[in-house]
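> Below are the sequence and a predicted model for it; my questions follow.
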There are 2 protein chains.
Amino acid sequence: MQNKVSLPVIKRLPKYYRYLSDMHKNGVVKVSSSELAKIMGTTASQVRQDFNCFGGFGQQGIGYHVDVLLREITNLLFSEKKLDTILIGTGRLGRAISGYLTAEAKGYQLIAAFDKNPEEIGRQLSGVDILDIADLESFCKEHHPEVAVLCIPRQSAQELAPSLVALGIKGYWNFSHYDLSVVYDGITVENVHLGDSLISLGYRVRNN
Amino acid sequence: MQNKVSLPVIKRLPKYYRYLSDMHKNGVVKVSSSELAKIMGTTASQVRQDFNCFGGFGQQGIGYHVDVLLREITNLLFSEKKLDTILIGTGRLGRAISGYLTAEAKGYQLIAAFDKNPEEIGRQLSGVDILDIADLESFCKEHHPEVAVLCIPRQSAQELAPSLVALGIKGYWNFSHYDLSVVYDGITVENVHLGDSLISLGYRVRNN
DNA sequence: TAGATTGTTAATCGATTAACAATC
DNA sequence: TAGATTGTTAATCGATTAACAATC
């Protein structure tokens, strides 16, 4: 029936994937929408709607086969081909994130890091070279990275964004406070605004 | 007129705060809802609705005074009193996040870190002691932290959650993949699921 | 006064939830 | 067959956007 997979659904998919992986590991064979809903903190209706977005493969009266569902979601979320990725900014956050990316993230291949600080350039980070940001253009023209991880201040991100977009980078894991998606079309931006997240937490802790 | 400040509004407040701070620094005196909307990537309607949630202080025909607006939002988001905060998990991510929290985050005071690894216990991190997680209860009963930063695996978070909640910790900056808000009421959880974020980015890069 | 822009109500849109026939 | 649970349509809900009178 293939409804459109809306953004809220996409955001829930990794969570389904995680819980279904667990069940699969623990030998659970079937699961109902209401069981999943309870673990996920949502409703059975939503679970069924979500799964119907990418094709119904439950069995009426029975539920869903964990392995079928897991296979479908895995196919949807992951691909054989890893996304070539560059890291921009090798400060404290950049270093931590590069470690996370290489150690824990499926589907991404870090191929280079960039910084403007001469002390950083030439060193290694998570198994790749730290290059001069001035060489970004020549590097991209040769290696065509698909994703950039931005661990730089807002000002730098704003300055760099036009080149990055022009060089054909389509996906951005954005830790800077400059939101590219406001300005550029046709790119995919996943924002992780740690500062905003903390501010909003503080507000809610104080006012709840 | 004080409408309810809904979650989407709260999530936008830090962004308003950031842009208004900038304008204030640059000597901009007044701003209209449509100017702000353009920078924020939203509509003038939404900007006006948002500001009316916490009391209208624009001037019809004129716009908003940057300093008035900034002062109001600052009052709303920040407080004299910092939130006493503990960090749980001093692995790579925990170390990076503790640095971020102490160096860049207003409004939070890190008062201790916890780990279960004997090699970590007794060392220092971002100016605080790393304590044995076994001492969590006695520490909390003495110091009453308000916020916990969870940089531990899902399993550990799930095991620890009942104690944390019972010890009265109200706010959670949650980097683990265990979502406390599904299970516990009356707490505030700000989830930062880096893994999910990457998976969803990958999906969208491939399918856009 | 005329132009601009707010505050606020009404309309629209999209996502979530409820309901129920189909069917295992 | 009876009970359970899906797939799917309809109803609800909440957030966003549009519209416009009020007013600077």
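Noted; the coordinates are in hand.
> just the helices in chain A please.
All helices of chain A, identified by DSSP state H, fall at A:7-25, A:33-40, A:44-53, A:66-77, A:92-104, A:136-143, A:154-166, A:180-183, A:194-207.
> want to throw those helices into JSON lines with mean pLDDT, distance to DNA strand C and mean neighbour count?
In short, each C-beta sits where N, CA and C put it, glycine included. Shown next, in JSON lines, are the helices of chain A (pLDDT from 0 to 100; distance: least, Cβ to the nearest atom of the strand, whole Å; neighbours: other Cβ atoms under 10 Å in any protein chain shown):
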{"stretch": "helix A:7-25", "mean pLDDT": "97", "distance to DNA strand C": "4", "mean neighbour count": "17"}
{"stretch": "helix A:33-40", "mean pLDDT": "96", "distance to DNA strand C": "8", "mean neighbour count": "18"}
{"stretch": "helix A:44-53", "mean pLDDT": "96", "distance to DNA strand C": "3", "mean neighbour count": "17"}
{"stretch": "helix A:66-77", "mean pLDDT": "95", "distance to DNA strand C": "13", "mean neighbour count": "17"}
{"stretch": "helix A:92-104", "mean pLDDT": "94", "distance to DNA strand C": "27", "mean neighbour count": "19"}
{"stretch": "helix A:136-143", "mean pLDDT": "98", "distance to DNA strand C": "33", "mean neighbour count": "14"}
{"stretch": "helix A:154-166", "mean pLDDT": "97", "distance to DNA strand C": "24", "mean neighbour count": "16"}
{"stretch": "helix A:180-183", "mean pLDDT": "94", "distance to DNA strand C": "16", "mean neighbour count": "16"}
{"stretch": "helix A:194-207", "mean pLDDT": "96", "distance to DNA strand C": "19", "mean neighbour count": "20"}
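> Quick check: which of those is nearest to residue B:101?
Smallest distance to residue B:101 across the helices of chain A (Cβ to Cβ): 7.6 Å, for helix A:194-207.
> Contacts for that closest one, please.
With contact meaning Cβ atoms under 8 Å, 6 or more residues apart in numbering or on different chains, helix A:194-207 is reached by A:93, A:175, A:177, B:5, B:10-11, B:13-15, B:17-18, B:76-79, B:83, B:97, B:100-101, B:104-108, B:146-147, B:170-173, B:188, B:190, B:192.
> circling back to that earlier point, please tabulate the helices of chain A in JSON lines, including the columns distance to residue B:207.
Below are the helices of chain A laid out as JSON lines (distance: least, Cβ to Cβ, whole Å):
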{"stretch": "helix A:7-25", "distance to residue B:207": "9"}
{"stretch": "helix A:33-40", "distance to residue B:207": "22"}
{"stretch": "helix A:44-53", "distance to residue B:207": "12"}
{"stretch": "helix A:66-77", "distance to residue B:207": "9"}
{"stretch": "helix A:92-104", "distance to residue B:207": "21"}
{"stretch": "helix A:136-143", "distance to residue B:207": "23"}
{"stretch": "helix A:154-166", "distance to residue B:207": "19"}
{"stretch": "helix A:180-183", "distance to residue B:207": "16"}
{"stretch": "helix A:194-207", "distance to residue B:207": "26"}
